[in-house]
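Novice: Just need the structure, nothing else, for what follows:
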Amino acid sequence: MRRRTLDADSPEIVAALTAWHESGRASFERSCPTLDYDSYERKTAKNGKRWLKLDCGTSGAYLVDQTSPELAVYTIKAYGVPHLCIGTLATMIAVWTKQQTQWSSHGNPVG
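Specialist: Here you go, the predicted structure:
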């Protein structure tokens, strides 16, 4: 099996970070209107040999398995320790993008 070579700046990872970040904006801004979402909930990626670590602020959140053909995404047990596979990178981008469009700026579901 050929390993996909990704890093924190790969277009797929940047798209995932952007979709994940924007999916949480409306909820955060409703609950904490005086705080800056982009500062408090910054999403970043860190390179690793097998795993790309997707972090929120200073905490780990997800791992992307670069050895899987479809780039499986896992929740974590502890930083850098995979727990449950929740889908592929492509499906997670779709889920996070859909979450952005399901909430209006007033906090009500759209549609």
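
Novice: where exactly do the strands run in this protein?
Specialist: 43-46, 51-56, 59-65, 72-78, 81-88 (DSSP state E).

Novice: Any chance of CSV for those, columns mean neighbour count?
Specialist: Backbone N, C-alpha and C define where each C-beta goes, glycine included. Formatted as CSV, the strands of the chain follow (neighbours: other CB atoms under 10 Å):
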stretch, mean neighbour count
strand 43-46, 17
strand 51-56, 20
strand 59-65, 19
strand 72-78, 16
strand 81-88, 14
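
Novice: how about those in JSON lines, adding distance to Ser27?
Specialist: Written out in JSON lines, the entries for the strands of the chain read as follows (distance: least, CB to CB, whole Å):
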{"stretch": "strand 43-46", "distance to Ser27": "15"}
{"stretch": "strand 51-56", "distance to Ser27": "13"}
{"stretch": "strand 59-65", "distance to Ser27": "15"}
{"stretch": "strand 72-78", "distance to Ser27": "19"}
{"stretch": "strand 81-88", "distance to Ser27": "19"}
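
Novice: Which among those strands is found nearest to Asp9?
Specialist: Within those, the stretch nearest Asp9 is strand 43-46; the backing value is 8.2 Å (CB to CB).

Novice: in its sheet, what does the closest one sit against?
Specialist: The pairing partners recorded for strand 43-46 under DSSP bridges are strand 51-56 (antiparallel).

Novice: what's the angle between the partner strand and strand 72-78?
Specialist: Here strand 51-56 runs at an angle of 70 degrees relative to strand 72-78 (axes from the mean of the first three to the mean of the last three CA atoms, to 10 degrees).

Novice: Could you pull up the mean pLDDT of strand 51-56?
Specialist: Taken as a whole, strand 51-56 has a mean pLDDT of 95.
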